[in-house]
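[1] can you look at this prediction? I've put the sequence above it.
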Amino acid sequence: GAVVSQHPSWVICKSGTSVKIECRSLDFQATTMFWYRQFPKQSLMLMATSNEGSKATYEQGVEKDKFLINHASLTLSTLTVTSAHPEDSSFYICSARQGTGTEAFFGQGTRLTVV
Amino acid sequence: LAKTTQPISMDSYEGQEVNITCSHNNIATNDYITWYQQFPSQGPRFIIQGYKTKVTNEVASLFIPADRKSSTLSLPRVSLSDTAVYYCFAGAAGNKLTFGGGTRVLVKP
């Protein structure tokens, strides 16, 4: 199956700093990428959808100036958590879909801890 | 994109068959049904996808009745390593990939 690589797997940062998470599709072109956050024992919450070369579409309640998403190429999307606070600590997951395909492939997830 | 409803949790024992049913009453003609599996602290992974009738792969089977308003994921002879959360999704290409609560399956020895 298709592979999506997400880095880093975990990161600890200080309050007020920014953190960038990368999501790469290794063997296919990801026309659409999705970013999620997940709290313990809860479902994945969709944060935003990005199409290559376009601005991301954010879900209601997600601050686009705080969670910057860039999808500049068909194999790379990044999520930058700006001015991180402890409440931003969570598990962030990306997924990618190719063209008109209906399957999505997920990254391994990134555990962000803000101290 | 159809709203899905699944049981919150299910318990089973090693070697048993586990069947998880997902309701998607307002499924559209173009929607496919896809199931994903998620282990703790990992991203979900694709298990199986179908449109109608029955689909089987090396991991699971997916049963979809003629009206397509529900689907059942069947895991044959589960082992401890099948303990995970299972999510169903009913949507078409181009739909947002949103998830419901999923079903937490616990396999006991």
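    That came through fine.
[2] give me the residue from chain A nearest chain B.
    Of all residues in chain A, residue A:106 sits closest to chain B, at 3.5 Å by CB to the nearest CB. C-beta here means a position set from N, CA and C on the backbone, and glycine is covered the same way.
[3] helix/strand/coil for the closest residue to residue B:56 other than its chain neighbours?
    Residue nearest to residue B:56 in three dimensions, not counting chain neighbours: residue B:62, with 7.6 Å by CB to CB, 6 or more residues apart in numbering or on different chains. Secondary structure state of residue B:62, per DSSP: H, G, I helix; E, B strand; the rest coil, is strand.
[4] what comes up buried for stretch A:22-36?
    Under the neighbour-count criterion of 16 or more other CB atoms under 10 Å in any protein chain shown, stretch A:22-36 has A:22, A:23, A:24, A:25, A:28, A:30, A:31, A:32, A:33, A:34, A:35, A:36 buried.
[5] apologies, that question was intended for stretch A:64-71.
    For stretch A:64-71, the neighbour count (16+ other CB under 10 Å) marks A:67, A:68, A:69, A:71 as buried.
[6] and if you look at stretch B:43-57?
    Buried, per 16+ other CB under 10 Å, within stretch B:43-57: B:43, B:44, B:46, B:47, B:48, B:49, B:50, B:55.
[7] coming back round to it: ok, the residue nearest to residue B:56 - contacts?
    B:33, B:35, B:48, B:49, B:50, B:54, B:55, B:56, B:71, B:72, B:73, B:74 (CB atoms under 8 Å, 6 or more residues apart in numbering or on different chains).
[8] can you do 6 Å?
    Counting by CB atoms under 6 Å, 6 or more residues apart in numbering or on different chains, residue B:62 makes contact with B:48, B:50, B:55, B:73.
[9] re earlier: quickly list what the residue of chain A closest to chain B is bridged to.
    residue A:95 (DSSP bridges).
[10] can you say which helix or strand has residue B:28 in it?
    Of the helices and strands defined by DSSP states H and E, none includes residue B:28.
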